[in-house]
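# Sharing a sequence plus its predicted fold:
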Amino acid sequence: MRIYSIALRNISRNKRRSLLSGSAIAIATFAVVFLFGYIAGILNDMENNLFTYMSGAVRIRHSDFDRYERLNPMHLAIPNYESLLAVVEADPAVTVTSPRINFPGRVPVGGIGSDEKVTIIGSGIDFAKEEFYQDYRRTLVEGRLPEAGTNEVVVGRLLADSMELDIGGKFTVLSQSGLRGSNAFTLEVVGIIALPVSGLEKTMVQIPLDTAQRLLWLPDQVQEILIKVNQKIDSPKKVAERLSRTVQSSVPLSVLDFKQVDGMASMMSLAATIYDVIAVIFLLLSSTVIINTTIMVIFERMKEIGTLGAMGMTGRQLVRLFFLEAMFISIVGALVGIAGGSILTGHLGRVGFSGMAKALEGMENLGIGSIIYPVLNFKSTVLVFVYALIVTGLSTWWPSRRAAKISPVEALRQA
């Protein structure tokens, strides 16, 4: 008896039943593929924001800066940083560097006589280098980047909204200087940026590095150097260890990889663990859908089982028949679901997905942006396909074996 032919005939003959089983598998695999891509996008977003705006993959600072960071020790800077950059950029794993001066400031608002002030976090950066370090093609939503030597500035979109600033608008910043005094300077808005983390967008101000050095009395100095690395060549930890041996300066330096900076890595590890648990729970939920559908289909076919048994089909042949039917349906359903999930994930990976922005509110400290770009992973996609086949096979084997042990007369009576 040709079991394969009978299995295919049963599938085509009972189109509604086959469609029900296949749809359950397709929906489950579709959802899991998208969820895995979304979780990978969140973790990728966290790492990218961490490396770009917070700590870099590797960070170089004055060794005493972290100890007094809350006191804003502007005087603890790195002198003659350009010679240091030459050594750093010669490392084969270093892809791009970002020398910066970070300065907190207060901006008076509300007109004459008002005591209201807005807190900003300013960054003096080399825009020629930063175009390669930050993705201004995506974040610059209005205007242009500042020119070197000018008092031009780009501001976060939410900060511009709160201060009612447009292109060409001006505001004055009060900040501490490298001489441990204070200084006030007026900046002109030439660009507005939409940063991925709303907490940064509410406070971020970026000015040319040479302007920051002049206004903050830090000639030829920077506060920190952030570094991105090619992790296919070396890990950030190994790069940090190597640079700590090779870089030299007239001041003591601290060279740390991102896992050593302010516990950021522990937050990333915690988030990764949480999302792995969510993924496992979702896999289990999708398994129940597949299992329930498969078991229901088999136990509803008691009359057919009795008929086949009366025609001389053995219990082993019945188990094999139902197993083959389930496998054929599972393969098609899983392929359809994976194809749909992959297409959706790939599309949202290009345009971004903000449908779960509300659920991610309050997670800005983890560096998670409001717009996530899902990442399609080939290994996880294959894993979902194999997992769907295994679950279907296991959920088919037990009820079909149990049903095969029922005598044809009893099966026909139950039907």
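Everything's here; your move. Computed from a predicted structure; not experimentally measured. Numbers count the residues shown, from 1 in each chain.
# Following whichever strand or helix holds residue 22 in sequence, what is the next regular element?
Using DSSP states H and E, residue 22 falls within helix 15-49. As assigned by DSSP H and E, the chain's next helix or strand after helix 15-49 is strand 58-62.
# Residue ranges of each domain in this structure, please.
Domain assignment for the chain by automatic domain parsing gives 3-49+267-414, 58-261.
# Could you tell me the least trusted of those domains?
Looking at the domains of the chain, the lowest mean pLDDT belongs to domain 3-49+267-414 (a mean of 74).
# quick revisit: tabulate the domains of the chain in a markdown table, adding columns for mean neighbour count.
Glycine gets a C-beta too; all of them are placed from N, C-alpha and C. As requested, the domains of the chain are exported to a markdown table (neighbours: other C-beta atoms under 10 Å):
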| stretch | mean neighbour count |
| --- | --- |
| domain 3-49+267-414 | 18 |
| domain 58-261 | 17 |
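# any residues touching the helix or strand hosting residue 214, and which ones?
Per DSSP H and E, residue 214 falls inside helix 209-215. Helix 209-215 is contacted from outside by 99-101, 103, 122-127, 146, 148-152, 175, 177, 183, 185, 207, 218-222, using C-beta atoms under 8 Å, 6 or more residues apart in numbering.
# got it, and stretch 222-229?
Stretch 222-229 has contacts (C-beta under 8 Å, 6+ apart) with 51, 55-62, 65, 74, 76-78, 81, 84-85, 88, 93-102, 124, 133, 209, 213, 235-236, 239, 243.
# CA atoms only for it, dumped as PDB, please.
What follows is stretch 222-229 as a C-alpha-only set of coordinates in PDB (Å, rounded to 0.1, in the frame of the first residue of the first chain):
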ATOM      1  CA  VAL A 222      39.100  66.700  24.200                       C
ATOM      2  CA  GLN A 223      37.300  65.100  27.100                       C
ATOM      3  CA  GLU A 224      37.000  61.600  25.600                       C
ATOM      4  CA  ILE A 225      37.600  59.600  22.500                       C
ATOM      5  CA  LEU A 226      34.900  57.100  21.500                       C
ATOM      6  CA  ILE A 227      36.000  54.200  19.300                       C
ATOM      7  CA  LYS A 228      34.000  51.700  17.200                       C
ATOM      8  CA  VAL A 229      35.700  48.400  16.200                       C
END
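# from the middle of its chain, how far away would it be?
22 Å (C-alpha atoms, centre = their mean, to the nearest Å).
# what about the strands in the stretch 251-400 of the chain?
Per DSSP state E, counting those that start in this stretch, the stretch 251-400 of the chain carries strands over the ranges 253-257.
# Which residue ranges of it form helices?
Assigned by DSSP state H, counting those that start in this stretch, the stretch 251-400 of the chain shows helices spanning 264-299, 302-310, 315-351, 378-404.
# just to revisit the earlier point, filter the contacts of helix 209-215 down to the ones in strands?
Among the contacts of helix 209-215, DSSP state E puts 99-101, 103, 122-125, 152, 175, 183, 185, 207, 221-222 in strands.
# any idea how far stretch 19-36 is from the chain center?
Offset of stretch 19-36 from its chain centre (C-alpha atoms, centre = their mean): 23 Å.
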